[in-house]
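Engineer: Give me coordinates for this.
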Amino acid sequence: LPSVSVGVYWIVAVADGGGSVTETNENDNATVAGPIAIGQPNLMISNLAAPGQAYAGGQIEVSWTVTNSGDDLAAGPWYDYVYLSADQELDGNDRRIGSKLSPGNLNIGAHYDQSLNVTIPANASGDDYIIVSADGGNYVNETDETDNMAVSSVVSIGQSNLTINSASAPTEVVIGRPFN
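Structural biologist: Residues are numbered from 1 along each chain as shown. Sure, this is the predicted structure:
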């Protein structure tokens, strides 16, 4: 089917639509089938969970739920994308830090739960947000493409600070031999 708006349609079949064949009865060359209801899926994210604190270079677990709130099957699979953002808006400045393949088709009203361990970039710091976008590549034609994402609460990202509290070494060593 061509891309059409959600609604009710009929299929019309016409033989000799151009009228190039001379017939005894030109009034029986068409038939109508239908009605056919055309719907679209709509993927929405809920229950986004991410820890309130993370460390640059470390891993955190992010979890979320995707629900098809539309009026048709969402034909899958597709990828859900996970981003690290300095604000609550998904834009070109955000870093994609993970992706997860959906489990496949999603019926009307059905949902799936996802979780993913993601690595916080080593140069990240300060207060950031995790943004998850269902169907991040926009493979599923939906009734509303603007409600596919959710934003976490603030994630405070700290830098590691390694310090040496004490060190010891033997007073004598022999070249070429190991020592403790």
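
Engineer: Can you name the helix or strand that the spatially most central residue of the chain falls in?
Structural biologist: Most central in the chain under Cα atoms, centre = their mean is Asp80, positioned 2.1 Å from the mean C-alpha point. Element membership for Asp80, per DSSP states H and E: strand 79-85.

Engineer: Run through the chain and note the low-pLDDT ranges.
Structural biologist: In the predicted model of the chain, residues 1-3, 37 satisfy pLDDT under 70.

Engineer: Which parts of it are strands?
Structural biologist: Here the chain has its strands, by DSSP state E, at 7-14, 30-38, 43-49, 53-55, 59-68, 79-85, 95-101, 111-119, 126-133, 149-151, 155-158.

Engineer: thinking again about what came up before, make sure the residue nearest to the centre of the chain is actually in contact with Ala134.
Structural biologist: Yes. With contact defined as Cβ atoms under 8 Å, Asp80 reaches Ala134; the gap is 5.2 Å. (Glycine included, C-beta is placed from N, CA and C.)

Engineer: Touching both of the two, which residues are there?
Structural biologist: Ile45, Val66, Ser102 (Cβ atoms under 8 Å, 6 or more residues apart in numbering).

Engineer: quick one on the thing from earlier: any idea which of the strands of the chain gets closest to Glu172?
Structural biologist: strand 53-55 (40.1 Å; Cβ to Cβ).

Engineer: List the neighbouring strands of the closest one plus their orientation.
Structural biologist: Paired neighbours of strand 53-55 in the sheet (DSSP bridges): strand 155-158 (parallel).

Engineer: Quick check: buried residues in the partner strand?
Structural biologist: Val155, Ile157 (16 or more other Cβ atoms under 10 Å).

Engineer: coming back round to it: contacts only, for the residue nearest to the centre of the chain.
Structural biologist: With Cβ under 8 Å, 6+ apart, Asp80 has these contacts: Ile45, Trp64, Val66, Ser99, Lys100, Ser102, Gln114, Val132, Ser133, Ala134, Asp135, Gly136.

Engineer: No further queries at this time; thank you.
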